[in-house]
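**Q** Quick one: sequence and predicted model below, then my questions.
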Amino acid sequence: MPVSVLLCLCTCPDPDTAQRIAGDLVEGRLAACVSVLPGLHSVYRWEGNIERAEETLLLIKTTPACFERLQARLLELHPAELPELVAVETAAGLPAYLRWVDAQTRPEA
């Protein structure tokens, strides 16, 4: 049976915040891996205004079993009033990698 993995997207206001959140999620086994992509340019509507921001994107690899705890932890760590968190279930992937994500997000024995 294939392992189900989520790819979660989260923007952060700066690289330091992104690195802090990424480290916490991996250390807490809520994510197997977090890729940090700086240099994101975002345009969005917030409270009736068009906003433009330089942000850092997190690509968080986790499992559905960890998502609720990951979401709760992200809300504790993220400085934004309404942080972006979008999860996409993977349709396919290298089976060994998907198993690795699953293994890295299980509680330590």
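**A** Yep, it's here.
**Q** what about this protein, any weak spots by pLDDT?
**A** By pLDDT under 70, the low-scoring segments of the chain are 1, 109.
**Q** What segments of it are helices?
**A** 15-27, 64-77, 95-104 (DSSP state H).
**Q** now, of those helices, which is deepest in the fold?
**A** Per residue and on average, the most neighbours among the helices of the chain fall to helix 15-27, with a mean of 17 (mean count of other CB atoms under 10 Å). C-beta coordinates here come from the backbone N, C-alpha and C atoms, glycine included.
**Q** contacting residues around that helix?
**A** 10, 12, 31-34, 36, 38, 56-58, 60, 62, 70, 73-74, 77-79 (CB atoms under 8 Å, 6 or more residues apart in numbering).
**Q** OK, contacts around the residue located most distally from the centre of the chain?
**A** Distance to the chain centre peaks in the chain at residue 48, reaching 26.8 Å (criterion: CA atoms, centre = their mean). Not one residue lies near residue 48 by CB under 8 Å, 6+ apart.
**Q** Next, find the distance separating it from residue 94.
**A** 44 Å (CB to CB, to the nearest Å).
**Q** Equivalent analysis for residue 104, please.
**A** From residue 104 over to residue 94 the distance is 15 Å, taken as CB to CB.
**Q** so residue 87 makes contact with residue 67?
**A** Yes - contact criterion CB atoms under 8 Å: residue 87 and residue 67 qualify, at 6.1 Å.
**Q** tell me, what's touching those two both at once?
**A** With CB under 8 Å, 6+ apart, residue 87 and residue 67 have common neighbours 6, 8.
**Q** Now for residue 104: which residues touch it?
**A** Neighbours of residue 104 in contact, by CB under 8 Å, 6+ apart: 29, 32, 33.
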